[in-house]
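K.L.:
the sequence isn't on hand, but the structure is:
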């Protein structure tokens with residue numbers, strides 16, 4: 001795959017679809033490619049994040065359990081794993097395990113921040129993107145809480 005192919009594919013990811021062309025080019029050029037074999041662990045649940053990963057080939061199991069239960073989510077190419085980790089450190093909520101030979105692009109947080117510093121318009125788009133995500137989360141949490149309150153009140 002060429003750099004141009006990577007750039008085109010990165011635009012399939014909602015966060016990166018709002019990037020300016022030069023910011024996206026910098027991301028595609030600077031991200032580190034990692035090759036994994038089936039069964040390789042990309043990261044473990046509870047680890048502190050240092051950035052995100054874009055799955056470019058293969059598949060990954062995202063397993064929130066540490067007890068051998070079946071994985072709850074399988075992700076396929078052009079999925080961003082660790083979106084929030086690009087912005088701030090956090091604990092990984094799940095382990096990521098390659099299910100077959102897999103390739104990922106590793107995007108370290110300092111690289112992501114550097115891109116935002118050098119591309120202010122992209123930074124503004126990213127700020128608005130995460131702002132909307134937070135508003136959606138709060139709204140959905142409020143709806144769920146309201147439904148829970150109604151359910152509880154019907155029991156009393």
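P.N.:
Structure received. Since this is a predicted model, take the numbers as computed values, not measurements.
K.L.:
could you find the closest non-adjacent residue to residue 96?
P.N.:
Leaving out its chain neighbours, the residue that sits closest to residue 96 by Cβ to Cβ, 6 or more residues apart in numbering is residue 42, at 4.0 Å. Using the backbone N, CA and C atoms, a C-beta is placed for each residue, glycine as well.
K.L.:
and after the helix or strand that contains the one you found, which helix or strand comes next?
P.N.:
Residue 42 belongs to strand 41-43 when elements are defined using DSSP states H and E. Next along the chain after strand 41-43, taking DSSP H and E as the criterion, comes strand 51-57.
K.L.:
next one: that next one to chain centre, how far?
P.N.:
In terms of Cα atoms, centre = their mean, to the nearest Å, the centre of strand 51-57 is found 8 Å from the chain centre.
K.L.:
give the partner strands of it in its sheet and their orientations.
P.N.:
When sheet partners are counted by DSSP bridges, strand 51-57 sits next to strand 79-81 (antiparallel), strand 102-108 (antiparallel).
K.L.:
and of those strands, who's closest to residue 14?
P.N.:
Closest to residue 14 of the strands paired with strand 51-57 is strand 79-81 (Cβ to Cβ; 8.1 Å).
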